[in-house]
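Student: Let's see this in three dimensions:
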Amino acid sequence: MASEPVTRAVAEEIARWGSMRQTGVSLRYMMEFGARPTERTLLLAAQFLHKELPIRIARRALDLESLPFGLSSKPAILKVRDWYVDSFRDIRNFPEVRNKDDELAFTQMIKMIRVRHTNVVPTIALGVQQLKKDLGGPKAFPPGIHEIHQFLDRFYMSRIGIRMLIGQHVALHDPDPEPGVIGLINTKLSPMTVARIASEDARAICMREYGSAPDVDIYGDPDFTFPYVTPHLHLMMFELVKNSLRAVQERYMNSDKHAPPVRIIVADGAEDVTIKISDEGGGIPRSGLSRIFTYLYSTAENPPDLDGHNEGVTMAGYGYGIPISRLYARYFGGDLQIISMEGYGTDAYLHLSRLGDSEEPLP
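Tutor: A predicted model of the protein is given here:
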């Protein structure tokens, strides 16, 4: 289906909403607010989202209109723009949220919006891939390309925020929440448990792709817990462990030496929980280190073709895993650092704020 031109009235409204101020929320605020969801708090939350979501969505729709190198006119990018315009329209056309029935209908509608946007990341990746072909392959990066990188950072960070706000609101309606879980936030998340599950998932993929996988050893206090969003931590851990396994596996594949294990160390500090993932996979040359955080670089020779079904499942692909993991870490006041020793291995340090009191970094 071809992209529909946006009517002038809608375009003007998007411009108006896109210039309004966004309101950030912190992990702690979401936790305190959702601790005992009553009809009244859910109503207040829905009223907040009814105002906040169109501002955030309008900003992204505007961003998609003005990308350099003709990226805005790529079919994949136009498709994403249409999703954002449709979602903006859906929320703006929804009447004021005044009572429980309005709130439930509003929740159903934003749930549909979340589904509509499921494939945003692979679809944008496809647009960027089309652009890379036009520019003469992955090696040719003309000046101004950093603008695209900044756009992707803003865009994906904003997407994490939108999905978190919608997901949190929808999850608060769960009639039978797990103990200690508030919406999407597990108040007693065990980083050791998440590390174990993410490592098993990453090893399964490594097994499937190479026929074997290095071991993963995990060190830390099994009883330690802190509040965090389990899927976010799983995604970051999975991505980092998967990269380490791949590096070790490829380095030792044709060697008679036993592949050394990937090591995960979980440290609980007063302010931060730090998770270190160490491998002896040969490391990354210093010249390549800065590139691992750009979206336009992948170590895989031929990235897999996008059909939207293998998001996050192939061992190497778009080079999106690391920069997106860093955004997830930063979203709640943490960070991701990668330190490498060429010829030996790589250490990734995932810092997560233990206090949960930093506001969302709103692009």
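Student: What's the mean pLDDT across the helix or strand where Met192 lies?
Tutor: For Met192, the element it lies in under DSSP states H and E is helix 191-210. If you average the pLDDT over helix 191-210, you get 96.
Student: how distant is it from the center of its chain?
Tutor: 18 Å (Cα atoms, centre = their mean, to the nearest Å).
Student: Need the contact partners of that helix.
Tutor: 212-214, 216, 218, 220-222, 224, 226, 228, 230, 233-234, 237-238, 241-242, 245-246, 249, 253, 262, 264, 266, 273, 275, 313-315, 352 (Cβ atoms under 8 Å, 6 or more residues apart in numbering). All C-beta atoms are positioned from the backbone trio N, CA, C, and that covers glycine.
Student: after that helix, next one along is what?
Tutor: Following helix 191-210 in sequence, per DSSP H and E, is strand 216-219.
Student: Give the other helices and strands that that following strand contacts.
Tutor: Here strand 216-219 is seen to pack against helix 191-210, strand 262-268 when contacts are counted using 3 or more Cβ pairs under 8 Å, 6 or more residues apart in numbering; DSSP states H and E.
Student: so which of these gets nearest Gly334?
Tutor: With distances scored as Cβ to Cβ, the stretch of the helices and strands packed on strand 216-219 nearest to Gly334 is helix 191-210 (12.0 Å).
Student: Measure how the closest one sits relative to strand 262-268, angle-wise.
Tutor: For helix 191-210 against strand 262-268, the angle by axes from the mean of the first three to the mean of the last three Cα atoms, to 10 degrees is 160 degrees.
Student: how about helix 191-210: buried residues?
Tutor: Residues 191-192, 194-196, 198-199, 201-203, 205-206, 209 are the ones in helix 191-210 that count as buried (16 or more other Cβ atoms under 10 Å).
Student: Leu235 is in contact with Tyr328, isn't it?
Tutor: Yes: counting by Cβ atoms under 8 Å, Tyr328 is a contact partner of Leu235 at 6.2 Å.
Student: Tell me which of the two has more neighbours.
Tutor: Tyr328 (23 against 17; other Cβ atoms under 10 Å).
Student: secondary structure element for the more buried one?
Tutor: Secondary structure (DSSP H and E) places Tyr328 in helix 321-331.
Student: how far out from the middle of the chain is that helix?
Tutor: Counting by Cα atoms, centre = their mean, helix 321-331 comes out at 6 Å from the chain centroid.
Student: Who are the packing partners of it?
Tutor: Partner elements for helix 321-331 (3+ Cβ pairs under 8 Å, 6+ apart): helix 145-171, helix 230-252, strand 335-341, strand 345-353.
Student: how about the longest one: buried residues?
Tutor: The one in question is helix 145-171. Residues 145, 148-149, 151-171 are the ones in helix 145-171 that count as buried (16+ other Cβ under 10 Å).
Student: can you check the second one too?
Tutor: Across helix 230-252, burial judged by 16+ other Cβ under 10 Å covers 230, 232-249, 251-252.
Student: Could you write out the alpha-carbon coordinates of that helix in CSV?
Tutor: C-alpha atoms of helix 230-252 as CSV (Å, rounded to 0.1, in the frame of the first residue of the first chain):
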residue,chain,number,x,y,z
THR,A,230,13.0,-7.4,33.4
PRO,A,231,12.6,-7.3,29.6
HIS,A,232,15.0,-4.4,29.4
LEU,A,233,17.7,-6.1,31.4
HIS,A,234,17.2,-9.4,29.5
LEU,A,235,17.5,-7.6,26.1
MET,A,236,20.8,-5.9,27.1
MET,A,237,22.3,-9.0,28.7
PHE,A,238,21.3,-11.3,25.8
GLU,A,239,22.8,-8.9,23.3
LEU,A,240,26.1,-8.6,25.1
VAL,A,241,26.5,-12.3,25.9
LYS,A,242,25.5,-13.2,22.3
ASN,A,243,28.3,-10.9,21.0
SER,A,244,30.9,-12.4,23.4
LEU,A,245,29.9,-16.0,22.5
ARG,A,246,30.2,-15.3,18.8
ALA,A,247,33.6,-13.7,19.3
VAL,A,248,34.9,-16.7,21.3
GLN,A,249,33.3,-19.3,19.1
GLU,A,250,34.8,-17.8,15.9
ARG,A,251,38.2,-17.5,17.5
TYR,A,252,38.4,-21.1,18.8
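Student: quick one: that helix to helix 145-171, angle?
Tutor: Going by the same axes, to 10 degrees, helix 230-252 makes 130 degrees with helix 145-171.
Student: One more: the third one?
Tutor: Angle of strand 335-341 versus helix 145-171, following the same axes, to 10 degrees, is 130 degrees.
Student: by how many degrees do the helix holding Tyr328 and helix 230-252 diverge?
Tutor: Using the same axes, to 10 degrees: helix 321-331 against helix 230-252 is 150 degrees.
Student: who touches helix 321-331?
Tutor: Helix 321-331 has contacts (Cβ under 8 Å, 6+ apart) with 121, 152-153, 156-157, 160-161, 164, 232, 235-236, 239-240, 242-243, 292-295, 312, 335-336, 338, 350-352, 360-361.
Student: ok, now which ones touch Asp279?
Tutor: Counted by Cβ under 8 Å, 6+ apart, Asp279 has contacts Pro214, Ser244, Leu245, Ala247, Val248, Pro260, Val262, Arg263, Gly345, Thr346.
Student: possible to save these as TSV with pLDDT?
Tutor: TSV is the format used below for those (pLDDT from 0 to 100):
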residue	pLDDT
Pro214	97
Ser244	97
Leu245	97
Ala247	95
Val248	97
Pro260	97
Val262	98
Arg263	98
Gly345	97
Thr346	97
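Student: out of the residues you listed, who's nearest Ile57?
Tutor: Ser244 (36.2 Å).
Student: do you know how far the closest one is from Ala213?
Tutor: As judged by Cβ to Cβ, to the nearest Å, Ser244 and Ala213 stand 11 Å apart.
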